[in-house]
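>>> Prediction below, plus the sequence it came from.
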Amino acid sequence: MANATRCLIAGNWKMNGTLQESLDFVDDLGANPAPEHVEVALMPPFTLLHPLAFPFSEKDVRLGAQSMYCEVSGAFTGSISPLMLRDAGCHYVILGHSERRDIQHESNALIRKKLGMAWEHGLEPILCIGEHLEERESGKTNEVLKEQLSVLEGVEAGVPLTVAYEPVWAIGTGKTASPEQVKETHAFVHEELSRLGHDCRVLYGGSVNPGNAAELLACDGVEGALVGGASLKADSFMELIEAAAKLA
Ligand code: PEP
């Protein structure tokens with residue numbers, strides 16, 4: 001791992017999980033799922049934030065949301081605000097996930113507004129960036145990442161921030177970037193962040209599972225993982241935490 005920052009294993013449940021399933025998951029996590037050198041966070045759907053806040057805090061698991069709107073309150077049917085997320089006990093909010101960029105057409109301009117609102121309301125954004133397959137194949141990966149990171153231009157140094165590099169072609173597909181691709185791309189992301197005045201943790205995301213976690217987490221410049229599918233079952237999620245703990 002690149003520096004002394006505590007490695008973060010963050011699970012994004014996406015649109016999965018009933019109340020009962022989530023309470024069973026918490027039971028299955030055991031008493032102390034978060035080892036000393038690994039930070040653990042989970043992002044359940046909005047309906048589960050309040051009921052999970054206390055059980056997660058008892059197990060030292062940080063609560064996060066998968067998205068939010070860029071206003072505090074008002075006539076925004078179907079949206080959720082940063083204030084509501086704080087009220088529900090969230091520490092993190094994922095912004096710029098490729099599923100939001102692609103399916104909900106979220107632009108960099110909107111993501112920039114959301115970042116500002118997250119900081120204003122005491123949330124730590126996990127800013128997701130990543131290229132599509134055709135962009136990688138045409139040699140445009142760094143250009144795409146640079147553009148996505150430009151939302152941090154002019155943002156004061158030291159704000160709470162985590163970045164997740166997630167190649168879109170690796171999300172939910174079972175394909176992962178090779179260790180060489182991960183090292184090379186994380187080096188570029190760290191370099192670009194430092195040019196922008198930010199020295200923050202960079203996670204890798206994209207089909208991380210118990211079989212590949214050790215290799216991916218050991219790559220230079222990787223300080224944790226953002227995980228979808230393998231975070232849905234407590235046993236596979238705990239295997240990822242164990243893989244991170246071994247490297248810490
Ligand atoms: C994600 O949704 O951010 C993700 C990386 O999903 P998966 O682990 O399922 O590829």
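Alright, I've got the coordinates. Residues are numbered from 1 along each chain as shown.

>>> Identify each of the strands in the chain and give its residue range.
Under the criterion DSSP state E, the chain contains strands at 7-12, 38-43, 61-65, 92-95, 124-129, 162-165, 201-205, 224-227.

>>> Could you pull up the residues touching the residue in the chain positioned nearest to the ligand?
Closest approach between the chain and the ligand, counting by C-beta to the nearest ligand atom: G228, at 2.3 Å. Heads up, the C-betas are built off the backbone N, CA and C, glycines and all. Contact analysis of G228 by C-beta atoms under 8 Å, 6 or more residues apart in numbering lists 11-14, 171-172, 205.

>>> And these, which is closest to E134?
Lowest distance from E134 to the contacts of G228 (C-beta to C-beta) belongs to I171, with 15.1 Å.

>>> can I get the strands of the chain in a markdown table with mean neighbour count?
Shown next, in a markdown table, are the strands of the chain (neighbours: other C-beta atoms under 10 Å):
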| stretch | mean neighbour count |
| --- | --- |
| strand 7-12 | 25 |
| strand 38-43 | 24 |
| strand 61-65 | 23 |
| strand 92-95 | 25 |
| strand 124-129 | 25 |
| strand 162-165 | 26 |
| strand 201-205 | 25 |
| strand 224-227 | 27 |
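
>>> can you tell me which of those comes nearest to T185?
Checking the strands of the chain against T185 by C-beta to C-beta gives strand 162-165 as the closest, at 5.9 Å.

>>> Adjacent strands (with direction) for that closest one?
Taking DSSP bridges as the criterion, strand 162-165 sits next to strand 124-129 (parallel), strand 201-205 (parallel) in its sheet.

>>> Now mean pLDDT too, for those, in TSV please.
TSV is the format used below for these (pLDDT from 0 to 100):
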stretch	mean pLDDT
strand 124-129	98
strand 201-205	98
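
>>> If you drop the residues flanking it in sequence, what lies closest to the residue of the chain closest to the ligand?
Leaving aside its chain neighbours, G228 sits nearest to N12 (5.2 Å; criterion: C-beta to C-beta, 6 or more residues apart in numbering).

>>> So what's the residue count around the closest residue to D199 other than its chain neighbours?
Excluding its sequence neighbours, the residue lying closest to D199 (C-beta to C-beta, 6+ apart) is L193, at 7.0 Å. Under the neighbour criterion other C-beta atoms under 10 Å, L193 is assigned a count of 18.
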